[in-house]
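> please work out how this folds:
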Amino acid sequence: MAAQNSLRPTWIVADVQTAGRGRRGRVWDSPTGNLMTTLYLPGAPEPKQAGQLAFVAGLALEATVRHFIGAPSPERARVSLKWPNDVLIDGKKASGILLESTQQDKHRRWLAIGLGLNLASHPDDTPYPATNLSAYTSQAPSNLEALEVLAAAFERVYQQWKMGGFAPVLQSWRGVAHGIGGPLVARLENQEIKGIFIDIDEKGALLLQDEAGGTQAIDAGDVFFPENG
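Numbering: from 1, shown residues only. Down below sits the predicted model:
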């Protein structure tokens with residue numbers, strides 16, 4: 001679509017995915033019954049701003065999960081967002097997001113936002129607990145039912161971002177962020193840092209108070225919480 005210079009934003013959905021890729025080139029295999037979709041956005045913003053759309057997408061996925069399992073209560077599961085963009089249900093991962101962008105020339109740039117949501121099943125061989133929506137609902141929605149809710153939620157947050165910038169998106173994100181104020185481990189490419197999750201800064205970086213008392217801003221990495229490894 002990008003090569004053909006398509007100018008129409010488009011949601012693309014797959015019923016089965018056998019050669020998907022996750023962050024850092026990880027293999028992502030997902031069977032029938034889950035949501036596997038990519039949003040193609042022509043006329044994408046500059047890379048610095050494009051990264052903000054991962055937070056937009058995270059909020060849209062979080063809203064989608066809440067739509068199907070209901071508002072939090074003593075009887076219902078808690079839905080939260082794990083930095084940088086995973087939806088957790090009671091601390092277990094239920095989704096993933098990957099952004100890819102290419103600049104065709106100095107005037108044309110496109111962005112692909114890949115989103116996966118575990119509706120009917122989840123992988124067991126992950127370094128962290130995982131789950132799916134069917135564990136919390138009487139019947140898992142179909143991928144098209146979930147996509148309809150997701151697309152509407154994304155459009156709401158996307159328009160908020162376009163009109164108000166990144167600040168209101170971050171404010172909403174902080175409201176559902178998992179583990180702020182508590183301990184975590186950040187695994188970076190060449191090191192591991194333990195500390196306290198202080199906040200998310202105005203650029204979207206995770207602020208971590210390390211064991212020496214210093215504050216580090218982490219732009220990219222995998223984070224793990226003591227309660228789920």
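
> now do the same contact list for the residue most central in space within the chain.
When CA atoms, centre = their mean is applied to the chain, the residue found nearest the centroid is residue 85 (3.0 Å). For residue 85, the contacting residues are 54, 55, 57, 58, 61, 96, 97, taking CB atoms under 8 Å, 6 or more residues apart in numbering as the criterion. Heads up, the C-betas are built off the backbone N, CA and C, glycines and all.

> out of these, flag the one nearest to residue 119.
residue 61 (11.9 Å; CB to CB).

> confirm the closest one sits in a strand?
No. According to DSSP: H, G, I helix; E, B strand; the rest coil, residue 61 belongs to no strand; its state is helix.

> gap between it and residue 116?
The gap separating residue 61 from residue 116 is 9 Å, by CB to CB, to the nearest Å.

> mind listing the shared neighbours of the two?
95, 97.

> have a look at those two and say which one is more surrounded.
Neighbour totals were compared for residue 61 and residue 116, and residue 61 leads with 28 against 22 (other CB atoms under 10 Å).

> after the worst-scoring helix or strand of the chain on mean pLDDT, next one along is what?
When the helices and strands of the chain are scored by mean pLDDT, DSSP states H and E, strand 27-30 comes last with a mean of 64. Past strand 27-30, heading to the C-terminal end, the next element that is a helix or strand (DSSP states H and E) is strand 35-42.

> quick one: name whatever helix or strand follows that following strand.
Scanning forward in sequence from strand 35-42 by DSSP H and E, the next helix or strand is helix 47-50.

> buried set for that following helix?
Residues residue 50 are the ones in helix 47-50 that count as buried (16 or more other CB atoms under 10 Å).

> starting at the chain centroid, how far to it?
Between the centre of helix 47-50 and the centre of its host chain there is 16 Å, according to CA atoms, centre = their mean, to the nearest Å.

> now what about that helix, what contacts it?
44, 99, 101, 111, 166.

> just the ones of these in helices?
Secondary structure assignment by DSSP state H places residue 166 of the contacts of helix 47-50 in helices.

> show me which pair in the contacts of helix 47-50 is furthest apart.
Across those, no pair lies farther apart than 101 and 166, at 16.9 Å, counting by CB to CB.

> quick check: which ranges of this protein have low pLDDT?
Residue ranges of the chain with pLDDT under 70: 20-29, 71-76, 104-107, 227-229.

> where along it do the helices fall?
The residue ranges that make up the helices of the chain, judged by DSSP H, are 47-50, 53-69, 143-164, 166-176.

> number of residues surrounding residue 5?
Applying the criterion other CB under 10 Å, we find 10 residues in the vicinity of residue 5.

> the nearest residue to it once chain neighbours are set aside: neighbour count?
Excluding its sequence neighbours, the residue lying closest to residue 5 (CB to CB, 6 or more residues apart in numbering) is residue 108, at 7.2 Å. Other residues near residue 108 number 14, with proximity taken as other CB under 10 Å.

> tell me what the closest residue to residue 216 other than its chain neighbours is bridged to.
For residue 216, ignoring the flanking residues on the chain, the nearest one in space by CB to CB, 6+ apart is residue 208 at 5.0 Å. In this structure, residue 208 has the following beta-bridge partners (DSSP bridges): residue 197, residue 216.

> from what I can see residue 208 touches residue 199, true?
No. Applying CB atoms under 8 Å as the test, residue 208 and residue 199 come out as separate, 9.5 Å apart.

> the more surrounded of these two?
When residue 208 is set against residue 199 and neighbours are counted by other CB under 10 Å, the residue ahead is residue 208, at 23 against 16.
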